[in-house]
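# Next one to model:
(4 chains)
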Protein chains: 2
Amino acid sequence: MPPKGERKTRDRLIEVAMELFYQQGFHATGLAQILKQAGVNSGSLYHFFDSKEELLLAVLDRYREILRPVLLQPIFDQVADPVERIFALLGVYRQGLVMTDCAAGCPIGNLALELREFHPKAHQKIAENFEDWRQAVRECLDEAADRLPERVDREALATLILAAMEGGVMQSRAYRAIDPFDASVAMLRDYIDRLLAEGAGRRRE
Amino acid sequence: MPPKGERKTRDRLIEVAMELFYQQGFHATGLAQILKQAGVNSGSLYHFFDSKEELLLAVLDRYREILRPVLLQPIFDQVADPVERIFALLGVYRQGLVMTDCAAGCPIGNLALELREFHPKAHQKIAENFEDWRQAVRECLDEAADRLPERVDREALATLILAAMEGGVMQSRAYRAIDPFDASVAMLRDYIDRLLAEGAGRRRE
DNA sequence: GTCTATAACTCGATAGAC
DNA sequence: GTCTATCGAGTTATAGAC
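Numbers count the residues shown, from 1 in each chain, chains lettered A, B, ... in the order given. Next comes the predicted model:
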């Protein structure tokens, strides 16, 4: 267990790095900027982290830690229906886009495309973040399993939902307009409505 | 019109930069590497381009130029059915993933997430690249309009298809496995099959 | 654990001869 | 249009005192 003083500096570095990597990207963010904004000196950073990449790994771990308590739980507290929970989750990402005038995106998606085969450890943690996200969507779909057609592949559907979200965010950022994201989600909604309609038909038989 | 010698060096710089930006990203690629690989000196680069960003703009213009003759035309020559043309296009991206062991992605998508609100000119050209791509898909959907339900929003559907493609590529790269891309495309296929089935039902009435 | 100073290097970009 | 040489700023990372 680390002494009291340690957690604070270490956490501040992680939080500032999380924010700056999100806003500017990993390569575009220099350690000098992170240090300045966190009010920390170079020596302290290298006391906690062996390298810039180790700091990135800590940031990616943090994202995994906060997914459920910070992102999912507030949504699930407000929305009970499992299908609507998925669209409420998409709504949170929409809100993030709108609030930043479509400049922000998905922090994990950004890093996923910036960090390629180099940075294998970071790559692994990015995959784990996607895994958690897709798993959360998957659980919603499983809860609604009896309303969906029997043979629908819920794992694949969760993958499409994540893909549509990331791809929608990407296009909205490119155009600096919310329309592409909304269009993607609207078509996803149409698709799932059709699945639910067929599921309802099945139960009526 | 530039003299004969000019096009060659300029083109070589664009082609090398295109490849390296694709493989490593914009920030991660130094001019020194581009110069070395192109066999060109710093002075020549700055004779043709004012800055690294101007070189990027030329790369993005090149991508727009080659979309139809290099990417779309070969597909359209082989596949006549407009709906199948869309899936054949997705198949080409699949091939790119498989051939690189899921390390490569979409060059435009990569740059879209790496370059944010800074680089406004590049941002604009990235949007234009997406626009061309979506327009191509849109034209396929328009050709198949009479087989789809009347009220389907083909522009929005084209946006979802692009989103699913980009998001599928992103996940496959993260996992270094083709499965997420395949799952996304499979669900897209299921959705479009349902739309075609409804369209067929409409015509039978 | 934190501080200052700095090493060692790479970056994008420029100058000026040819 | 191409060459060599290099500038100045920025980069990640380290050394060593406190």
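# most residues in a single helix of chain A, which one?
The longest helix of chain A (DSSP state H) is helix A:179-204.
# Tell me which other helices or strands that one touches.
The criterion is 3 or more C-beta pairs under 8 Å, 6 or more residues apart in numbering or on different chains; DSSP states H and E, and the helices and strands that helix A:179-204 contacts are helix A:82-99, helix A:154-175, helix B:154-175, helix B:179-204. Backbone N, C-alpha and C define where each C-beta goes, glycine included.
# if we compare the ones you listed, which one ends up closest to A:Ala122?
Between A:Ala122 and the helices and strands packed on helix A:179-204, the shortest separation by C-beta to C-beta is 10.4 Å, and it involves helix B:154-175.
# That closest one and chain A, any residue contact?
Yes: contact of helix B:154-175 with chain A (C-beta under 8 Å from any C-beta of the partner chain) involves B:155-157, B:159-160, B:162-168, B:170-171, B:173-175.
# pLDDT wise, what is A:Met1 at?
In the prediction, the pLDDT value recorded for A:Met1 is 47.
# ok, now A:Asp190?
Note for A:Asp190: predicted pLDDT of 98.
# Would you quantify the distance from A:Lys52 to A:Val83?
The span separating A:Lys52 from A:Val83 equals 41 Å under the rule C-beta to C-beta, to the nearest Å.
# Of the two, give the one with the bigger neighbour count.
A:Val83 (19 against 16; other C-beta atoms under 10 Å in any protein chain shown).
# which residue packs closest to that one, ignoring adjacent ones?
Distances taken as C-beta to C-beta, 6 or more residues apart in numbering or on different chains place A:Ala144 nearest to A:Val83, at 5.1 Å, with adjacent residues excluded.
# how deep is the residue of chain A at minimum distance from DNA strand C tucked in, by neighbour count?
When you check chain A against DNA strand C by C-beta to the nearest atom of the strand, the closest residue turns out to be A:Gly43, at 1.5 Å. When neighbours are defined as other C-beta under 10 Å, A:Gly43 has 8 of them.
# Could you do A:Leu13 as well?
Using other C-beta under 10 Å, the number of residues around A:Leu13 comes to 23.
# So which bits of chain A are right by DNA strand D?
Residues of chain A found near DNA strand D, taking C-beta under 7 Å from any atom of the strand as the criterion, are A:29-33, A:42-43, A:45-46, A:50-53.
# Return the residues in contact with A:Gly96.
Residues touching A:Gly96, when contacts are defined by C-beta atoms under 8 Å, 6 or more residues apart in numbering or on different chains, comprise A:Ala104.
# Just the pLDDT at it, thanks.
Taking A:Gly96 on its own, its pLDDT is 97.
# Next, find the distance separating it from B:Leu55.
As defined by C-beta to C-beta, A:Gly96 lies at a distance of 32 Å from B:Leu55.
# Determine which of the helices and strands packed on helix A:179-204 approaches A:Glu131 most closely.
Among those, helix B:154-175 sits nearest to A:Glu131 (C-beta to C-beta), with 8.2 Å.
# which sections of chain A are below the confidence cut-off?
Using pLDDT under 70 as the threshold, the predicted model of chain A has low-confidence ranges A:1-7, A:204-205.
# again, only this time at 90
Across chain A, the ranges flagged by pLDDT under 90 are A:1-7, A:104, A:116-118, A:199-205.
# What count of nearby residues applies to A:Leu162?
26.
# Could you tell me how many residues sit around the closest residue to it other than its chain neighbours?
Distance criterion C-beta to C-beta, 6+ apart; nearest residue to A:Leu162, sequence neighbours excluded, is A:Arg134 at 5.2 Å. Other residues lying near A:Arg134 total 19 when counted by other C-beta under 10 Å.
# and A:Arg134, what element?
Assigned by DSSP states H and E, A:Arg134 belongs to helix A:120-143.
# any idea how far A:Leu35 is from the residue of chain A closest to DNA strand C?
According to C-beta to C-beta, A:Gly43 stands 10 Å off from A:Leu35.
# With A:Asp193 instead?
Distance check for A:Asp193 against A:Leu35: by C-beta to C-beta, it reads 51 Å.
# out of these two, which sits in the busier spot?
Neighbours were tallied for A:Asp193 and for A:Leu35 using other C-beta under 10 Å; the higher tally belongs to A:Leu35 (17 against 11).
# From the chain's centroid, how far away is whichever strand or helix holds that one?
When elements are assigned from DSSP H and E, A:Leu35 belongs to helix A:31-38. The chain centroid and the centroid of helix A:31-38 are separated by 24 Å under C-alpha atoms, centre = their mean, to the nearest Å.
# How about stretch A:188-202?
Taking C-alpha atoms, centre = their mean, the mean C-alpha location of stretch A:188-202 is offset from the chain mean by 26 Å.
# Kindly report the same for stretch A:161-179.
With C-alpha atoms, centre = their mean as the basis, the distance from the averaged C-alpha position of stretch A:161-179 to the chain average is 13 Å.
# Over to stretch A:79-86?
In terms of C-alpha atoms, centre = their mean, the centre of stretch A:79-86 is set 18 Å apart from its chain centre.
# Check what contacts that stretch and list those residues.
The list of residues contacting stretch A:79-86 from outside it, by C-beta under 8 Å, 6+ apart, reads A:75-76, A:88, A:137, A:139-141, A:143-144, A:147, A:161, A:192, A:196.
# For burial, what's the neighbour tally of A:Pro69?
Tallying neighbours of A:Pro69 according to other C-beta under 10 Å, which is how burial is gauged here, yields 9.
# how close does it sit to chain B?
If you measure A:Pro69 against chain B using C-beta to the nearest C-beta, to the nearest Å, the figure is 23 Å.
# what about A:Asp101, how many neighbours?
Burial of A:Asp101, expressed as a neighbour count using other C-beta under 10 Å, amounts to 11.
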